[in-house]
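S.K.: everything below, folded, please.
(4 chains)
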Protein chains: 2
Amino acid sequence: MDMTHRLERQTARPIRVMVADDHPLLVEGVAAVLATQDDIELVCKACDGHEAIASYERERPDVVLMDVQMPRLDGIAATRQIRRHSPDARIIMLTMYRGDVQALSAFSAGAQGFLLKSMMRSDLLSAIRHVFAGKHWIPQSIAKVMAEHMTDEALTGRELQVLDHVARGKTNKLIASDLGITPETVKAHIKNILLKLKASDRTHAVILALRRGFMQLSLEDGDMDIEYAPAHTARMLSASRGTRLWRG
Amino acid sequence: MDMTHRLERQTARPIRVMVADDHPLLVEGVAAVLATQDDIELVCKACDGHEAIASYERERPDVVLMDVQMPRLDGIAATRQIRRHSPDARIIMLTMYRGDVQALSAFSAGAQGFLLKSMMRSDLLSAIRHVFAGKHWIPQSIAKVMAEHMTDEALTGRELQVLDHVARGKTNKLIASDLGITPETVKAHIKNILLKLKASDRTHAVILALRRGFMQLSLEDGDMDIEYAPAHTARMLSASRGTRLWRG
DNA sequence: CGCCTGCTCACTCGATCGGGGGACGGCCTG
DNA sequence: CAGGCCGTCCCCCGATCGAGTGAGCAGGCG
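M.R.: Predicted coordinates:
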């Protein structure tokens, strides 16, 4: 894939862009926007982290647009892995939210740019060109949130683990037995969590952690206490005549 | 049942579609997909609920793609208002999540279709054609979640209000003074919430409410942690219409 | 008119939580 | 090596919570 000796044009060859996102419609939108620019070329797409890594190694794009939340392997991990093999990879993270933790981990993973999905097409193009030129691109809103929490202490791994159990509604005693430690230790962790997040209680701590990107609502495919009721499904389907389902 | 039921494409007038979404890139994606179909025509766009209502009255599209979460006025409310003036309006809700509450409120608001943003372009086209033909369109994953909670009791307006304060980390005593009631009443409400949501404690209740779409994490406005989703059933909706739940 | 629902309030009681203090070993880093 | 952070554990104690049980009052509806 060396075009270095192609000197027909003195104009720069187009910026080769790859997009990794599990939302096909958004990928279509990005493709449509990029198609209007003659100095930018969309060379490949991926819909999860593993695909993104493989596609990057194969296509070696100039700039990667990487969604933070993707199935199987998230964008942060994919970014880290790509940058480990290709330290000069230029990656722009796409996200819906402004969680500062995601932003921070994205940059520590090696991303140079950040884009909110609510941004306009001009922002997308500017971000691509800036990052391609070796600059960084950080939306004001994200920079502000990052700055606000710059001095905050980060939660440790164990604290995140405890917080996860807290979010599942478990008591300290239950968490303790799950983690193989004593309830007193759980209390110590929660005490630190409340202090670091400036939360008033465990519920508030979970909400703040969700807001700031420490945790995600992994609601897809209910895990813990949800039971299915096929009878209900049948009744509901028969109740809505003319309703069409797919992938039945 | 099979492809013989595929809709005719050489009809005289194309299906006139409007899309309302605050994510420009996704709108671009929808536009790009629709542009490939000669029986579908994208006639206008809107980026919030008010715009959607105004644009609908002006353009009278055949099918509306409406995002659930939009600034200023959400898609459910916009759908309800459009259907109040135009009972034959055909509206497909777009959403990121599978919260059953959103789905139910969308249908009680008058929507005929539901689409996850992670769906493929073929799903988008099928949904438009089916809804245009007067049928319903419900992804199986959403139908399943809806069916699971079909028999569940809905939270009342007061319970949602209490739950909101709980999510902000307030104690029962604080919630009581905020709502002008006694702590005992707050406890009674929370007791009902835990019972209805089958939650083990208040933290669990908040998480389940978020997962099921009773509430939404609002990450846009800094001072607001939580915003309400429109409520559960038609009864619920009529009950809560007078009281602005999303705080003020 | 009764019936049901939602909202309100009251009481007890045991379990849990949150805040305060301190302590110990392991690990990394300067 | 000293200092720091992390994870573990322990104490006390008041505040809070969740469960159980009961009840009164308003409004909608058959």
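S.K.: would you mind measuring from the residue nearest the centre of chain A to A:Pro24?
M.R.: Geometric centre of chain A, nearest residue: A:Val68, 1.6 Å, by C-alpha atoms, centre = their mean. Taking C-beta to C-beta, to the nearest Å as the measure, A:Val68 falls 17 Å from A:Pro24. C-betas here are computed from N, CA, C, even on glycine.
S.K.: how about the residues of chain A that lie near DNA strand D?
M.R.: With C-beta under 7 Å from any atom of the strand as the criterion, chain A meets DNA strand D at residues A:153-154, A:156-159, A:176, A:179, A:181-182, A:184-185, A:187-189, A:201.
S.K.: show me these that map onto helices.
M.R.: A:157-159, A:176, A:179, A:184-185, A:187-189 (DSSP state H).
S.K.: select from the residues of chain A next to DNA strand D the one having the most neighbours.
M.R.: The residue in these with the most neighbours, by other C-beta atoms under 10 Å in any protein chain shown, is A:His189 (23 neighbours).
S.K.: skipping adjacent residues, who's closest to it in space?
M.R.: A:Val162 (4.3 Å; C-beta to C-beta, 6 or more residues apart in numbering or on different chains).
S.K.: nearest to A:Lys170, of the ones in helices among the residues of chain A next to DNA strand D?
M.R.: A:Lys170 has its nearest neighbour among these in A:Ala176, at 9.3 Å by C-beta to C-beta.
S.K.: find the residue closest to that closest one in space, skipping its chain neighbours.
M.R.: A:Pro183 (4.3 Å).
S.K.: am I right that the one you found is in contact with A:Leu174?
M.R.: No. The criterion here is C-beta atoms under 8 Å, and A:Pro183 misses it with A:Leu174 at 9.0 Å.
S.K.: which neighbours do those two share?
M.R.: Common contact partners of A:Pro183 and A:Leu174 (C-beta atoms under 8 Å, 6 or more residues apart in numbering or on different chains): none.
S.K.: what about the helices in chain A?
M.R.: Assigned by DSSP H, the helices in chain A fall at A:24-35, A:49-59, A:75-85, A:100-109, A:121-132, A:140-148, A:157-167, A:172-179, A:183-197, A:202-211, A:230-239.
S.K.: how far off centre is the second one?
M.R.: The one in question is helix A:49-59. Its chain's average C-alpha position is 17 Å from that of helix A:49-59, according to C-alpha atoms, centre = their mean, to the nearest Å.
S.K.: for the fourth one, same thing?
M.R.: Centroid displacement of helix A:100-109 relative to its chain, using C-alpha atoms, centre = their mean, is 10 Å.
S.K.: burial measure for the nearest residue to A:Asp123 once chain neighbours are set aside, as a count.
M.R.: Closest residue to A:Asp123 in three dimensions, ignoring its sequence neighbours and counting by C-beta to C-beta, 6+ apart: A:Leu115, at 6.6 Å. A:Leu115 has 25 neighbouring residues, counting by other C-beta under 10 Å.
S.K.: is A:Leu115 in a bridge, and if so with what?
M.R.: Beta-bridge pairing of A:Leu115 under DSSP bridges involves A:Leu94.
S.K.: sketch out the low-pLDDT regions of chain A for me.
M.R.: Residues of chain A that meet the criterion pLDDT under 70 lie in A:1-12, A:99-100, A:150-152, A:218-248.
S.K.: contact partners of stretch A:86-95?
M.R.: A:21, A:56-57, A:60, A:62-69, A:75-76, A:79, A:82-83, A:102-103, A:106, A:110-117, A:127-128, A:131-132, A:134, A:137.
S.K.: redo that, cut-off 7 Å
M.R.: With contact meaning C-beta atoms under 7 Å, 6 or more residues apart in numbering or on different chains, stretch A:86-95 is reached by A:21, A:56, A:62-68, A:75, A:79, A:82-83, A:102, A:106, A:110-117, A:127-128, A:131-132, A:137.
S.K.: you'd agree A:Asn172 is up against A:Ala188?
M.R.: No. Here A:Asn172 does not reach A:Ala188: they are 10.2 Å apart, not a contact under C-beta atoms under 7 Å.
S.K.: report the separation between A:Gln69 and A:Val43.
M.R.: For A:Gln69 relative to A:Val43 (C-beta to C-beta), the value is 23 Å.
S.K.: let me fix that, I meant to ask about A:Lys187.
M.R.: Taken as C-beta to C-beta, the span from A:Lys187 to A:Val43 is 53 Å.
S.K.: ditto for A:Val101
M.R.: For A:Val101, the distance to A:Val43 equals 31 Å [C-beta to C-beta].
S.K.: what's near enough to touch A:Phe132?
M.R.: A:15, A:62-63, A:90.
S.K.: before we move on, the earlier item: just the buried residues of the contacts of stretch A:86-95.
M.R.: A:21, A:56, A:62-68, A:75, A:79, A:82-83, A:102, A:106, A:110-117, A:127-128, A:131-132, A:137 (16 or more other C-beta atoms under 10 Å in any protein chain shown).
S.K.: picking that back up, and of the helices of chain A, who's closest to B:Val30?
M.R.: Nearest to B:Val30, of all those, is helix A:24-35, at 6.0 Å by C-beta to C-beta.
S.K.: just the angle for that closest one relative to helix A:121-132, thanks.
M.R.: Here helix A:24-35 runs at an angle of 70 degrees relative to helix A:121-132 (axes from the mean of the first three to the mean of the last three C-alpha atoms, to 10 degrees).
S.K.: helix A:24-35 near chain B anywhere?
M.R.: Yes. Helix A:24-35 reaches chain B (C-beta under 7 Å from any C-beta of the partner chain) through A:24-33.
S.K.: so which of the residues you listed is the most crowded?
M.R.: Ranking these using other C-beta under 10 Å puts A:Leu25 first, with 29 neighbours.
S.K.: mind checking how far that one is from B:Gln112?
M.R.: Taking C-beta to C-beta, one finds A:Leu25 at 19 Å from B:Gln112.
S.K.: next: A:Leu197.
M.R.: Counting by C-beta to C-beta, the gap from A:Leu197 to B:Gln112 is 43 Å.
S.K.: does the residue nearest to A:Asp123 touch A:Leu124 like I think?
M.R.: Yes. Using C-beta under 7 Å, A:Leu115 is in contact with A:Leu124, at 6.4 Å.
S.K.: and A:Val131, what does it touch?
M.R.: Listed by C-beta under 7 Å, 6+ apart, the contact set of A:Val131 reads A:63, A:90, A:92, A:112-113, A:137.
S.K.: excluding its backbone neighbours, what's nearest it?
M.R.: Counting by C-beta to C-beta, 6+ apart, the nearest residue to A:Val131 once its immediate chain neighbours are dropped is A:Gly113, at 4.4 Å.
S.K.: how near is that neighbour to A:Thr79?
M.R.: A:Gly113 is 11 Å from A:Thr79, by C-beta to C-beta.
S.K.: how about A:Thr203?
M.R.: 32 Å.
S.K.: for A:Lys135, give me phi and psi.
M.R.: phi -90, psi 170 (degrees, to the nearest 10).
S.K.: equivalent analysis for A:Met70, please.
M.R.: According to degrees, to the nearest 10, A:Met70 has phi -140, psi 150.
S.K.: same check, this time on the one 3 residues further on
M.R.: Note on A:Leu73: backbone dihedrals following degrees, to the nearest 10 are phi -140, psi 120.
S.K.: do A:His23 as well
M.R.: phi -110, psi 100.
S.K.: I'd guessed A:Thr182 sits against A:Ala176; true?
M.R.: Yes. If you go by C-beta under 7 Å, A:Thr182 and A:Ala176 touch, sitting 5.6 Å apart.
S.K.: can you give me the end-to-end span of stretch A:167-185?
M.R.: Stretch A:167-185 has an end-to-end distance of 17 Å (C-alpha to C-alpha, to the nearest Å).
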